[in-house]
Each structure stands twice: as structure tokens, then as C-alpha cells.
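Peer 1: Predicted structure and sequence below. I'll ask about it afterward.
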Amino acid sequence: MSRNATMPTPQSKQHTTRSRVEMTRGYSDHPGIIEDPSSLPQEERRKYYACGSKFIQPDQLTRWNTHLESMNKLPRKTAEDGMNERLCLFKGDITYLEVDAIVNAANERLMGGGGVDGSIHRAAGQRLKDECRNIGFCPTGKAVVTKGYFLPANYIIHTVGPIGHHRQLLYSCYQECFDRMLEQGLRTIAFCCISTGIYGFPNEDAANIALDVTRGYLENYPNQIDLVIFCCFLQKDVEIYERLMKTHYFPFHGVPATGRKDSVNRDRKQSRSKSNDIRKLEESNSKAVKQPSPDASSSDGKAEFSPNCDAEVSQSSERPQKSKKVTEEDNDGDTAGNDNSEESGSCSRELDKTE
């Protein structure tokens with residue numbers, strides 16, 4: 001059976017993909033192809049993306065708070081600071097993300113390499129290599145910014161991760177990326193897993209550092225950062241990030257949303273009732289202690305208290321309350337007056353006995 005001429009063959013698909021990549025690599029060999037689409041409006045720029053129409057916008061990504069709510073759990077601080085709403089865990093290709101900046105795990109020469117570094121350079125095109133050549137060098141633990149060119153991302157933040165397990169240098173990488181982001185006035189950023197590939201940094205410790213730095217910047221700059229994306233290519237990195245985010249850095253209460261409201265209301269009622277009981281006891285004790293003797297007075301005109309009265313007051317304060325249980329509806333009422341009058345009456349009767 002002959003192959004339909006209108007159906008694309010595997011060779012034609014491969015040729016189409018190669019042509020798009022060649023367009024971004026060797027633009028100077030093809031007259032009429034734009035050299036730097038970075039300066040174009042967003043809609044016009046999309047025609048020149050290396051990924052074609054496969055780009056991913058931030059609104060298409062599931063935010064961390066939505067992910068937790070889908071598990072019938074409630075994020076801890078979503079209502080107060082909105083931190084979980086500004087996070088996303090994404091498994092896929094970072095060169096498809098249409099964000100303000102993506103982070104590249106670069107080498108010191110900034111000339112591309114393997115892994116995510118090579119993918120970013122191939123998709124961005126020759127102009128990225130030219131700009132990196134002009135910069136020349138980036139020390140380990142530092143970061144520099146370039147344009148995104150044929151990438152959906154507007155900018156690329158290149159940071160050089162440490163080779164081996166050097167925690168302070170990796171901390172510096174993430175801090176430098178956030179600093180460059182804030183300097184440029186960018187609001188959305190996507191991180192790759194820095195130094196966890198052939199550089200040999202342990203995956204879990206690298207995730208701990210990334211999440212620790214991110215939480216600090218989200219707390220300190222709540223109005224400057226709209227979205228932080230952790231882009232993982234390997235499933236094991238996704239599992240590490242998800243576990244650490246749940247248990248340590250951006251956790252949730254293990255209470256269903258339907259039951260948490262009732263639990264909060266019950267706690268508030270118990271707290272209010274306990275506070276009223278304590279307040280009534282303190283007021284009654286205070287008034288009983290301050291009750292003066294009607295006949296006894298010192299030479300300087302100050303009222304004196306009978307020792308027996310003090311003892312009676314002390315015993316009355318230790319005696320358990322005999323008043324009825326205060327219902328929820330009566331909590332707001334003032335019932336301290338009756339208790340005060342009873343204790344002050346017992347104090348007066350004791351004073352009469354001493355006379």
C-alpha cells in the first residue's frame with residue numbers, strides 16, 4: 001500500500017523541526033528573517049518563538065494553593081499573605097514558558113553546554129551566544145541577565161552553580177537570581193534545578209535551598225513578585241519539591257475545608273467562655289480585697305482590713321464557682337455583680353463577728 005502523499009512522513013516532520021531550529025541558529029544566512037524579536041510586541045513576537053505555538057502562559061499553570069485545595073486540604077497562610085497563590089510546580093520544558101525570566105544553569109564562560117543550558121541556547125538562537133560572548137565571564141554563585149530572543153521568556157538569568165556540594169554558593173545563586181529579577185522590575189520567574197545534574201549537587205538539599213530562599217523573598221517582597229515557578233524535568237525532582245513544599249516551606253492544615261470552619265468557630269467559643277470566667281473571678285477577688293472595714297480606721301485616716309476578712313477572701317478565691325454554667329448566649333452579659341455582692345457580704349459578716 002502506497003503512502004498518501006498528503007500525509008506527513010517521519011522524514012518531513014524531522015525536516016520541519018530542523019528548519020525551525022536552523023532559523024533561530026543561523027538567521028544571518030536567511031535574508032528577511034528577523035534577527036532580534038525581543039523588541040517586538042507580545043503578539044508579534046509569538047510568530048518567532050522557537051517552540052512555535054506550544055508556548056505555555058502562566059495562567060495555564062496550576063498554582064500551589066489550587067493543587068492543595070484539589071486534595072481537599074487548606075493551605076496554611078493563603079488567606080493572610082497569598083504566598084501559595086504565587087507558586088507553581090511544573091514538570092516540563094522550561095524553554096516553553098512565557099514568563100518574564102527563566103533561569104539558566106550556565107557555565108562560567110556562558111557559551112552553552114549540555115542539559116538545560118544547551119536547550120536554552122539552541123532555542124534562543126545565535127544572538128544569545130553573541131551577547132554572552134560580550135559579557136565574557138560569570139563567577140560561580142553569581143548571575144547575569146540577557147534577552148530571551150527566540151524564547152517565549154523575555155529575559156534569561158544565567159547563574160553558575162557550584163560543582164559539588166557547596167551550599168553557600170548555591171544559596172548565592174538563588175539570591176542573585178532574585179536580585180537580578182528585582183533590579184529589572186520583572187514579576188514572574190521560572191527556576192530550573194541548578195547544579196543537580198552533572199555538577200553533582202544532591203537533589204534534595206538543592207531543593208531545600210531553592211525553597212528556603214524563595215520563601216524569604218516572597219515574604220520580604222510581597223508586592224514585587226507575582227509568580228515563582230519550579231520547573232523540574234525529572235519525576236524524582238517533582239516528588240522532592242512536592243514533599244518539601246507540603247511539609248516544610250508551604251504547608252497546609254490536614255483538615256478538610258468543610259470542617260475547618262466549624263472547628264475554628266468551636267475554638268473561638270471555648271476561648272471566649274474561658275476568658276469570661278477568668279475575668280469574672282478576677283473582678284470578684286479584686287472587689288472583695290478592696291472592701292474596707294466600716295468601723296476600723298487608722299490614725300492617718302486610711303481604712304484598715306481585718307485579718308479574718310483577708311483569710312475569708314483567700315478561702316473564697318480558692319472555693320470553686322457555684323454559679324450556673326454560662327451558656328454561649330449569656331457569655332456577653334455581665335454576671336460578675338452577683339458573685340461580688342456575695343463575697344463582700346461574707347466579708348462584712350466576718351467583720352461583725354470580730355467586733
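Peer 2: It's in.

Peer 1: As a check, name the ranges of all helices in this structure.
Peer 2: 10-25, 42-45, 64-70, 78-81, 115-124, 126-135, 167-183, 203-220, 235-244, 257-289, 307-318, 336-354 (DSSP state H).

Peer 1: doesn't R122 make contact with F150?
Peer 2: No - contact criterion CB atoms under 8 Å: F150 and R122 do not qualify, at 9.6 Å. Using the backbone N, CA and C atoms, a C-beta is placed for each residue, glycine as well.

Peer 1: Looking at the two, which is more packed in?
Peer 2: Neighbours per residue (other CB atoms under 10 Å) separate F150 from R122, with F150 holding more: 28 against 16.

Peer 1: Just the pLDDT for that one.
Peer 2: Reported pLDDT at F150 in the predicted model: 96.

Peer 1: list the contacts for the nearest residue to V213 once chain neighbours are set aside?
Peer 2: Using CB to CB, 6 or more residues apart in numbering and skipping the chain neighbours, the partner closest in space to V213 is Y174 (4.0 Å). Residues counted as contacts of Y174 (CB atoms under 8 Å, 6 or more residues apart in numbering) are 159, 191, 194, 209-210, 213-214.

Peer 1: Distance-wise, check Y174 relative to I189.
Peer 2: If you measure Y174 against I189 using CB to CB, to the nearest Å, the figure is 10 Å.

Peer 1: And I229, by the same measure?
Peer 2: I229 is 7 Å from I189, by CB to CB.

Peer 1: How about A123?
Peer 2: Distance from A123 to I189, by CB to CB: 18 Å.

Peer 1: How about E44?
Peer 2: Taken as CB to CB, the span from E44 to I189 is 24 Å.

Peer 1: do F201 as well
Peer 2: Distance, F201 to I189, by CB to CB: 20 Å.

Peer 1: who has more neighbours, these two?
Peer 2: Comparing F201 with I189 by neighbour count (other CB under 10 Å), the higher total belongs to I189, at 25 against 22.

Peer 1: L182 reaches I189, doesn't it?
Peer 2: No - counting by CB under 8 Å, L182 stays clear of I189, with 10.0 Å between them.

Peer 1: Identify the contacts common to those two.
Peer 2: Common neighbours of L182 and I189 (CB under 8 Å, 6+ apart) are I225.

Peer 1: Could I get the contacts of Y174 in TSV, plus columns for pLDDT?
Peer 2: As requested, these are exported to TSV (pLDDT from 0 to 100):
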residue	pLDDT
T159	98
F191	98
I194	97
I209	97
A210	97
V213	97
T214	96
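
Peer 1: Need the max-distance pair from those.
Peer 2: Largest separation among the contacts of Y174 by CB to CB: T159 and T214, giving 14.1 Å.

Peer 1: in the stretch 151-300 of the chain, what spans have low per-residue confidence?
Peer 2: 252-283, 285-300 (pLDDT under 70).

Peer 1: One more pass at 50, please.
Peer 2: Counting by pLDDT under 50, the stretch 151-300 of the chain shows low-confidence ranges at 253-272, 274, 296-300.

Peer 1: Neighbours of S195, how many?
Peer 2: 27.

Peer 1: same check, this time on K246
Peer 2: Neighbours of K246 (other CB under 10 Å): 18.

Peer 1: With E44 instead?
Peer 2: 11.

Peer 1: buried residues in stretch 228-235?
Peer 2: 228-233 (16 or more other CB atoms under 10 Å).

Peer 1: Could you dump the residues you listed into TSV with distance to L128 added?
Peer 2: Output for the buried residues of stretch 228-235, formatted as TSV (distance: CB to CB, whole Å):
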residue	distance to L128
V228	23
I229	21
F230	23
C231	18
C232	23
F233	20
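
Peer 1: Which two of these have the greatest separation?
Peer 2: V228 and F233 (17.3 Å).

Peer 1: so what pLDDT did H30 get?
Peer 2: pLDDT, H30: 37.

Peer 1: now the one 10 residues further on
Peer 2: L40 is assigned a pLDDT of 92 by the prediction.

Peer 1: count of neighbours near it?
Peer 2: Neighbour tally, L40, other CB under 10 Å: 13.

Peer 1: For it, give its distance to Y49.
Peer 2: 11 Å.

Peer 1: same question, A143
Peer 2: 24 Å.

Peer 1: Output the below-cut-off pLDDT ranges for the stretch 1-150 of the chain.
Peer 2: In the stretch 1-150 of the chain (pLDDT under 50), the answer is 1-32, 75-80.

Peer 1: domain parsing for this protein?
Peer 2: Recorded structural domains for the chain (assignment: automatic domain parsing) are 52-253, 257-354.

Peer 1: Residues contacting stretch 110-124, please?
Peer 2: Residues contacting stretch 110-124 (CB under 8 Å, 6+ apart): 21, 24-25, 50-51, 93-95, 102, 104-107, 128-129, 132-133, 135-138, 144, 148-151, 156, 158, 192, 197-198, 233.

Peer 1: repeat that for 6 Å
Peer 2: 50, 95, 104-107, 128, 132, 135, 138, 149-151, 158, 192, 197 (CB atoms under 6 Å, 6 or more residues apart in numbering).

Peer 1: Just the buried ones from those residues, in ChimeraX syntax?
Peer 2: The command below creates a ChimeraX selection of those among the contacts of stretch 110-124 that count as buried (16+ other CB under 10 Å):
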select :50,95,104,105,106,107,128,132,138,149,150,151,158,192,197
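
Peer 1: so which of the contacts of stretch 110-124 comes closest to W64?
Peer 2: C192 (17.9 Å).

Peer 1: which ones are touching that closest one?
Peer 2: If you count contacts by CB under 6 Å, 6+ apart, then C192 has 94, 103, 105, 116, 231 around it.
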